[in-house]
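[1] Just to be clear, the model below is a prediction. Sequence and coordinates:
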Amino acid sequence: MDVYKALSELHEEKKRLDSAIQALEARMKTVAGKSTQARRGRRSMSPGEREEVSRRMSRYWASRRKKNQMSSGAVAAPDGNANALAAQGAA
């Protein structure tokens, strides 16, 4: 094989590879540009949202305690802690 012919083929292959690399890098920049604009991490809540979640969860846990008291027949302590009374009864 002629050395000059081999060099010319390698240069042509290098040009093809360079254009493929440029196309991939351009695609990566467009994808990376979109992802960096997206907000990452946990969204913080406003005080009003936090208060609403607090009320909703309080209602949820109150209903769970009520449901558990009905099904187990346990008597809850004034603070709503049925386990404290169960522990006192066991002692």
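    Looks like it came in fine.
[2] which helix in this protein runs the most residues?
    helix 3-37 (DSSP state H).
[3] ok, then the element right after that one?
    Downstream of helix 3-37, the next assigned helix or strand under DSSP states H and E is helix 47-72.
[4] just checking, what packs against that next one?
    helix 82-90 (3 or more C-beta pairs under 8 Å, 6 or more residues apart in numbering; DSSP states H and E). Every C-beta, even on glycine, is put in place using the N, C-alpha and C of the backbone.
[5] quick one, phi psi at residue 43?
    Backbone geometry at residue 43, expressed as degrees, to the nearest 10, gives phi -80, psi 130.
[6] State the distance from it to residue 49.
    Computed as C-beta to C-beta, to the nearest Å, the residue 43 to residue 49 distance reads 10 Å.
[7] With neighbour numbers in mind, choose between the two.
    residue 49 (11 against 6; other C-beta atoms under 10 Å).
[8] And residue 9, how close does it get to residue 22?
    21 Å.
[9] Then residue 46?
    Here the criterion is C-beta to C-beta. By it, residue 46 lies 46 Å from residue 22.
[10] Equivalent analysis for residue 3, please.
    Taking C-beta to C-beta, one finds residue 3 at 29 Å from residue 22.
[11] same deal with residue 13?
    Computed as C-beta to C-beta, the residue 13 to residue 22 distance reads 15 Å.
[12] now residue 12
    On the measure of C-beta to C-beta, residue 12 and residue 22 end up 16 Å apart.
[13] before we move on, what about residue 65?
    Residue 65 is 64 Å from residue 22, by C-beta to C-beta.
[14] Which of these two has more residues huddled nearby?
    residue 65 (15 against 10).
[15] per-residue pLDDT, that one?
    For residue 65, the model assigns a pLDDT of 94.
[16] Residue 33 now?
    pLDDT, residue 33: 63.
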